[in-house]
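1. All I have is the shape, not the residue letters:
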């Protein structure tokens with residue numbers, strides 16, 4: 001994946017159907033206006049709906065399994081995600097972790113399908129290990145900060161960016177846990193992260209659509225100043 005800044009709008013499963021689509025359309029306009037790459041996550045059942053009603057966001061699945069077409073009842077098939085319109089996917093989130101074996105297989109399956117992988121890690125050590133699997137993006141976030149509004153300290157961001165670059169300089173770094181404001185987005189990107197994102201920081205804002213725009217503009221500003 002080309003090295004450029006990005007924002008992940010990640011409503012998880014708090015939004016679905018029409019509400020998810022509404023925020024996706026607003027995020028799509030922000031992406032068009034700012035030129036920023038925006039990943040928009042949604043439940044599997046909403047991928048096609050959102051893809052057919054947006055042009056600029058990268059519709060992002062919440063996970064995937066390493067199976068190929070055939071047996072695999074109840075698992076998530078990569079081909080079906082791509083056919084529905086997904087361009088990227090999360091893997092190994094704290095709410096849906098994978099074994100090391102499954103994670104490696106799924107990253108490789110995603111590469112075969114041309115899907116961007118955003119792989120979660122809980123520490124600098126885990127981020128380094130995940131980077132060896134050559135995902136597109138490593139989301140390095142201390143799990144205990146997710147949803148707290150408390151951002152990891154500056155040294156965590158700089159240490160993580162340096163550690164991942166030493167393993168594979170082509171892997172993009174996302175720092176996000178606790179990120180809730182435009183200032184948070186500005187700071188982590190200014191410190192060296194390629195992108196960031198939020199769930200509660202967006203959904204709990206007075207106006208989530210405005211918060212997405214504020215975050216996007218802050219990321220662009222930080223990137224241009226780096």
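-> That came through, no problem. Just so it is clear, the model here is predicted, and its values are computed rather than measured.

2. Going by C-alpha atoms from here, please, whenever you check contacts or count neighbours.
-> Noted.

3. And the helices in the protein?
-> 17-34, 47-52, 78-84, 100-113, 124-131, 154-167, 182-190, 200-203, 208-225 (DSSP state H).

4. is it possible to export those helices to a markdown table including mean neighbour count, distance to residue 63 and mean pLDDT?
-> Shown next, in a markdown table, are the helices of the chain (neighbours: other CA atoms under 10 Å; distance: least, CA to CA, whole Å; pLDDT from 0 to 100):
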| stretch | mean neighbour count | distance to residue 63 | mean pLDDT |
| --- | --- | --- | --- |
| helix 17-34 | 19 | 17 | 98 |
| helix 47-52 | 19 | 12 | 98 |
| helix 78-84 | 19 | 9 | 98 |
| helix 100-113 | 17 | 9 | 97 |
| helix 124-131 | 20 | 16 | 92 |
| helix 154-167 | 18 | 22 | 91 |
| helix 182-190 | 22 | 24 | 96 |
| helix 200-203 | 22 | 19 | 95 |
| helix 208-225 | 20 | 23 | 98 |
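
5. I'd like those helices as JSON lines, with distance to residue 60 appended.
-> Output for the helices of the chain, formatted as JSON lines (distance: least, CA to CA, whole Å):
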{"stretch": "helix 17-34", "distance to residue 60": "11"}
{"stretch": "helix 47-52", "distance to residue 60": "8"}
{"stretch": "helix 78-84", "distance to residue 60": "9"}
{"stretch": "helix 100-113", "distance to residue 60": "12"}
{"stretch": "helix 124-131", "distance to residue 60": "20"}
{"stretch": "helix 154-167", "distance to residue 60": "23"}
{"stretch": "helix 182-190", "distance to residue 60": "20"}
{"stretch": "helix 200-203", "distance to residue 60": "17"}
{"stretch": "helix 208-225", "distance to residue 60": "16"}
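
6. out of those helices, nearest to residue 10?
-> Proximity to residue 10 (CA to CA) singles out helix 200-203 among the helices of the chain, at 8.4 Å.

7. how many other residues sit next to residue 54?
-> Number of residues near residue 54 (other CA atoms under 10 Å) recorded here: 17.

8. need the contact list for residue 181.
-> The neighbours of residue 181, taking CA atoms under 8 Å, 6 or more residues apart in numbering as the test, are 201, 211, 215.

9. Now do the phi/psi pair for it.
-> Dihedral pair for residue 181: phi -130, psi 170, per degrees, to the nearest 10.

10. could you check the distance from it over to residue 215?
-> 7 Å (CA to CA, to the nearest Å).

11. before we move on, the earlier item: nearest to residue 1 among the helices of the chain would be which one?
-> The nearest among the helices of the chain, by CA to CA, is helix 100-113 at 11.0 Å.

12. Give me the residues contacting that closest one.
-> Outside helix 100-113, the residues that touch it by CA under 8 Å, 6+ apart are 64-66, 78-79, 82, 91-92, 116-117, 133-135.

13. Please list only the buried members of the residues you listed.
-> For those, a burial check counting by 16 or more other CA atoms under 10 Å picks out 64-66, 78-79, 82, 91-92, 116-117, 133-135.

14. residues in contact with residue 22?
-> Counted by CA under 8 Å, 6+ apart, residue 22 has zero contacts.

15. can you put the buried ones among the contacts of helix 100-113 in a markdown table and add distance to residue 170?
-> Formatted as a markdown table, the buried ones among the contacts of helix 100-113 follow (distance: CA to CA, whole Å):
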| residue | distance to residue 170 |
| --- | --- |
| 64 | 23 |
| 65 | 24 |
| 66 | 23 |
| 78 | 23 |
| 79 | 25 |
| 82 | 24 |
| 91 | 18 |
| 92 | 20 |
| 116 | 13 |
| 117 | 13 |
| 133 | 12 |
| 134 | 8 |
| 135 | 9 |
